[in-house]
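J.: this is the structure alone, sequence omitted:
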């Protein structure tokens, strides 16, 4: 699966976000820096969502399995 990153020039450099992942946004002085920061932001959002879900499901009988989407 491929996501869509959006970058916009601002006076301080660039801001960027991923359209499909709310909360995944970042900034940087250069496009390369904002791209790297955005990858880290996406990982942090996914990790935080995983942790919140694990807490919400603690003690419940659930099934987990890999989930992939074809492009």
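T.: Ah, there it is. This structure is a prediction, so every number in the text was calculated from the model and none was measured.
J.: nearest the middle, which residue of this protein would you pick?
T.: Against the mean C-alpha coordinate of the chain, by C-alpha atoms, centre = their mean, the closest residue is residue 42 at 2.2 Å.
J.: dihedrals phi and psi, that one?
T.: Backbone torsions of residue 42, given as degrees, to the nearest 10, read phi -60, psi -40.
J.: could you do residue 28 as well?
T.: phi -170, psi 160.
J.: might you report the residue contacts of the residue nearest to the centre of the chain?
T.: 3, 18, 21, 24 (C-beta atoms under 8 Å, 6 or more residues apart in numbering). Every C-beta, even on glycine, is put in place using the N, C-alpha and C of the backbone.
J.: hmm, try it at 7 Å
T.: 18, 21, 24 (C-beta atoms under 7 Å, 6 or more residues apart in numbering).
J.: of all those residues, which comes closest to residue 68?
T.: The closest of these to residue 68 turns out to be residue 21 (C-beta to C-beta; 16.4 Å).
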